[in-house]
Every structure is written in C-alpha cells, then in structure tokens.
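*Asks:* heads up, no residue letters with this:
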Ligand code: BGC
C-alpha cells in the first residue's frame, strides 16, 4: 500500500444538484427544466429530482464518513435552492436551515468542509435572458456568492467559486451535449469568459472582505492534458494548440491573471475574442486563489488535421483531429481513457509552468455500470476502482516525491449519485446506494480508502 505523509489529505467530492433531490426546492435549474421537457435524454428517464436524497437523509449518509475516516468533504450550495427570487436575491429560509444543519453535521466530525458555489447549475430563469452570455448573470452570481459568505462563512472552511466551468461551457455551448445544446465556438468563449470574470469578482470580494479569516478560496478546474499521436512536428503542433486552448487558457487566467499572447492572437485572427471591458480584465489581476483544485479523469489525444474542415464554421477541432491511441485502456461504461500517468504530467506542468502553485486533486474516479454483479458476501467488490485509485495515487506520489506541491486527493465520489444524462447508469461511490430501497452499504473501495488513510497516520 502506498504511504502518504501525515498531512496529505484524503477526501470526497459531491455536488448539490447530484445528491439533494428536489424536495422544497423553489427554483428550477437548467438541468431540472431540461429533464422536465425532455426526460428521454436521461438514462432510464431518471432526473435530478430523484437522487440519493441528501435533503432528507444526509444524517444517515454522513455516518459513513466516520467508517472511512475521510478528511475533506466538498459539496455545493444550489443557487436554485438557497435563493427564492433570483433577481431580488431573496433567501429561502428552509434552504438556509438545511445547509446550516447539513454543514454542522460535517463539521462536528472535524472534517475540512469545502463548499462550491456553481456546479453546472445555473437557474433556468437566467437562461431565458441569455444565461452566462448575459453580463447581468455575473452580477447576480456575485450577489449569490455574497449571500453564501454572509450566511455560512463561520461554518465553511474553504470556498470554491466554480466546478469545471470549461466542462459546463463545452457541454452546453460547444458539443451540444447538454441543454441548451448550442454548438458555437464563439459563444462558448463568451460564456467561459463571463464565468471567469464572475470567478475573479467573487475571489476579489472575498479576499477584500474576509481578510482576517483563515478560510481559503479556490476554483475547481477540469484538466485533460493533451498528447500528440507522434513526434511528427504537425502532431505536436496540434497538441500544443489544444493545450493552449483548454489547459493553459484556464490556468493562465486563474494563476497569472491574463491569457497568453499566443492565445489572444489566435482569438483575434479567428474573430473569437469575447466582449470584454478594461474593468473586467483588471479583476483578474487583483487577488489570487489560495490553491488550485484540479479534476482529472482522462487525457485528450490529438493528431494533425487530416479530415476535412467544415467551411464557414470554426470549431476547436478545425485545428486538429482526435486520435485513438492503439494501446489505450478504456473505461467502457463511460468511454473515457484510463491514463494514470496523466496525473504526473499535470503535477509537472504546475511545477514548471505555474511556479509550483499549491494544488489538490479534487476529483478523480471511475463510473461503472451494474455493480451488483460484483457483489460477494454482501459487499460490492469493486477491485477495478481500487486499482484505478491505486494507479493514480502511485503516479501522484512519484510527482510529490519529486517536489510537486500537491497536498490532497479527493475522489468522485462519496456515495452513488445522479450523474447528469447518465443519471444512475454508472456508479462512482465508495458507498453504494440502492435506488429502490434507499439502503446504503460500503463497497470494498471504501474499506480500501480507510486503510490508506489509516496507514498514512502511523
Ligand atoms: C463532474 C461531476 C460528474 C463526474 C462524472 C465530473 O467532471 O464534476 O459532476 O458527475 O465528472 O461524470
């Protein structure tokens, strides 16, 4: 078993929309609305209303934290639950009490509580007015964040502004996977830019107003490092381009307060620059987050463009083609390549290009279908998940031994939860959740994590 230093933290990440259910929720998120109008888009027609029901059952579920001995717990506050009137920023008292009680239940265990403010869950009413394309959304999100700080600052240990803004944008505005199913590169850049302005404004407000507190603030970014098919110069160029677009763009904005000259030239030349103001650009320069939260699931493999480009429509893949590495291992249920070494490359990237800024893995995990078939002696023997975790931790430990500034690893996720259009198809939890009986039980991977945590403290 890999041994980590005593102060290395092991945790779990969850989100409000994927765990709470819709009881007493007054507003619809875009996901809620989408499920209502097109339930056939969701696996087995299971929607966000039907989750592991943390709204009612959080106390029961959280008991498993003690069994595993987890040290970090991340979830999110749903804008659509906490706020009754999104435009007037009116607080819902029931939601306020729910979050307070829920958070207390975590804190009494002396676990570090990280609370995120946006996990793919913009209110539907805002989408009617342009959603994140409308700058007013920046202002309203900022108001929402201020309310969260005022209400929960004393109980929350660390805040996150957004979870995977790029994944959210890509799904909704680039690939058209999620409602409103738009496929437009320029619009996706505007949405991403506006979200990042909102992030910067919230960080600046927090840093200016909560100076004396020890609490920290972070952002959760999805990183999918890009790899070229070969050493051919054009393959390498295609991969460098992709890294510039999806990896450095995010990290540069957040850690350096600006985009690279190269990316700006590319955006200008292709008429992709978002609408921006000087005032907004200044927001990126003021304060920095305290540490970076990175989600790593899979790499991104590309090769030089060989297929035909669609005329009159520039997309990221106008500049490269996807490449399937013949030696790849794939999680067949999700279709994602399993490449543990990617975590090592990310660690080196942060070390070399970003001054070894402190960071943690805030999500990594494996979704598997029909886990019941692995039940033995009444417990799901998810050895594949244990191997997955182990291999990633091996590479992470190697990076740390070589000087990477990574201080923790959180798994997606604690308990089987609702996973967007895949709903309950693939299970990710250390704890299983039976949708029919609402019963929970630890999986072998949960016991394994306990061992990992115990071994490090010896
Ligand atoms: C997201 C989670 C999601 C998980 C598995 C992550 O990118 O943050 O919300 O459930 O992937 O698909």
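*Replies:* That came through fine. Keep in mind that this is a model prediction, so the values were computed, not measured.
*Asks:* in this structure residue 103 contacts residue 154, no?
*Replies:* No: assessed by Cβ atoms under 8 Å, residue 103 is found out of contact with residue 154, at 9.8 Å. Heads up, the C-betas are built off the backbone N, CA and C, glycines and all.
*Asks:* of the two, who's got more company?
*Replies:* residue 103 (21 against 11; other Cβ atoms under 10 Å).
*Asks:* alongside the ligand, which residues does the chain contribute?
*Replies:* Selection of the chain residues close to the ligand by Cβ under 6 Å from any ligand atom yields 15, 18, 163-164, 167, 222, 295, 363, 367, 412, 419.
*Asks:* closest to residue 399 out of these?
*Replies:* The closest of the residues of the chain next to the ligand to residue 399 turns out to be residue 295 (Cβ to Cβ; 16.4 Å).
*Asks:* which ones are touching that closest one?
*Replies:* Residues in contact with residue 295 (Cβ atoms under 8 Å, 6 or more residues apart in numbering) are 163-164, 220-223, 361-364, 412.
*Asks:* ok, now how distant is the nearest residue to residue 375 once chain neighbours are set aside from residue 388?
*Replies:* In space, residue 375 comes closest to residue 381 once its chain neighbours are excluded; the distance is 7.3 Å by Cβ to Cβ, 6 or more residues apart in numbering. For residue 381, the distance to residue 388 (Cβ to Cβ, to the nearest Å) stands at 14 Å.
*Asks:* who has more neighbours, these two?
*Replies:* Of the pair residue 381 and residue 388, residue 388 is the one with more neighbours under other Cβ under 10 Å, namely 20 against 16.
*Asks:* element containing that one?
*Replies:* helix 383-401 (DSSP states H and E).
*Asks:* so who does the residue nearest to residue 287 when sequence neighbours are not counted touch?
*Replies:* What sits nearest to residue 287 in space, not counting adjacent residues and going by Cβ to Cβ, 6+ apart, is residue 207, at 4.0 Å. By Cβ under 8 Å, 6+ apart, the residues touching residue 207 are 217, 286-287.
*Asks:* wait, a helix at residue 207?
*Replies:* Yes: counting by DSSP: H, G, I helix; E, B strand; the rest coil, residue 207 falls inside a helix.
*Asks:* begin at 309 from now on, thanks
*Replies:* Noted, 309 is the first residue going forward, which turns the last one into residue 515.
*Asks:* how close does the nearest residue to residue 694 once chain neighbours are set aside get to residue 689?
*Replies:* Ranked by Cβ to Cβ, 6+ apart and with sequence neighbours excluded, the top spatial neighbour of residue 694 is residue 756, at 4.8 Å. Distance from residue 756 to residue 689, counting by Cβ to Cβ: 11 Å.
*Asks:* what's the answer for residue 426, then?
*Replies:* Applying Cβ to Cβ to residue 426 and residue 689 gives a distance of 36 Å.
*Asks:* and if you look at residue 419?
*Replies:* From residue 419 over to residue 689 the distance is 27 Å, taken as Cβ to Cβ.
*Asks:* swap in residue 672?
*Replies:* Counting by Cβ to Cβ, the gap from residue 672 to residue 689 is 20 Å.
*Asks:* Throw the contacts of residue 603 into JSON lines and include distance to residue 452, pLDDT and secondary structure, thanks.
*Replies:* Below are these laid out as JSON lines (distance: Cβ to Cβ, whole Å; pLDDT from 0 to 100; DSSP: H, G, I helix; E, B strand; the rest coil):
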{"residue": "471", "distance to residue 452": "15", "pLDDT": "98", "secondary structure": "strand"}
{"residue": "472", "distance to residue 452": "18", "pLDDT": "98", "secondary structure": "coil"}
{"residue": "528", "distance to residue 452": "17", "pLDDT": "99", "secondary structure": "strand"}
{"residue": "529", "distance to residue 452": "20", "pLDDT": "99", "secondary structure": "strand"}
{"residue": "530", "distance to residue 452": "22", "pLDDT": "98", "secondary structure": "strand"}
{"residue": "531", "distance to residue 452": "26", "pLDDT": "98", "secondary structure": "coil"}
{"residue": "669", "distance to residue 452": "27", "pLDDT": "99", "secondary structure": "strand"}
{"residue": "670", "distance to residue 452": "21", "pLDDT": "98", "secondary structure": "strand"}
{"residue": "671", "distance to residue 452": "23", "pLDDT": "98", "secondary structure": "strand"}
{"residue": "672", "distance to residue 452": "28", "pLDDT": "98", "secondary structure": "coil"}
{"residue": "720", "distance to residue 452": "24", "pLDDT": "98", "secondary structure": "coil"}
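*Asks:* now rank those by neighbours and give me the top one.
*Replies:* Of the contacts of residue 603, with other Cβ under 10 Å as the count, residue 670 tops at 30 neighbours.
*Asks:* wait, what's in contact with that one?
*Replies:* Applying Cβ under 8 Å, 6+ apart, one finds that residue 670 lies in contact with 321, 382, 422, 468, 528, 601-603, 718.
*Asks:* count of residues packed around the closest residue to the ligand within the stretch 309-458 of the chain?
*Replies:* Proximity of the stretch 309-458 of the chain to the ligand (Cβ to the nearest ligand atom) peaks at residue 323, 5.5 Å away. By the criterion of other Cβ under 10 Å, residue 323 has 24 neighbours.
*Asks:* wait, it sits on residue 384?
*Replies:* Yes: using Cβ under 8 Å, residue 323 makes contact with residue 384 at a distance of 4.7 Å.
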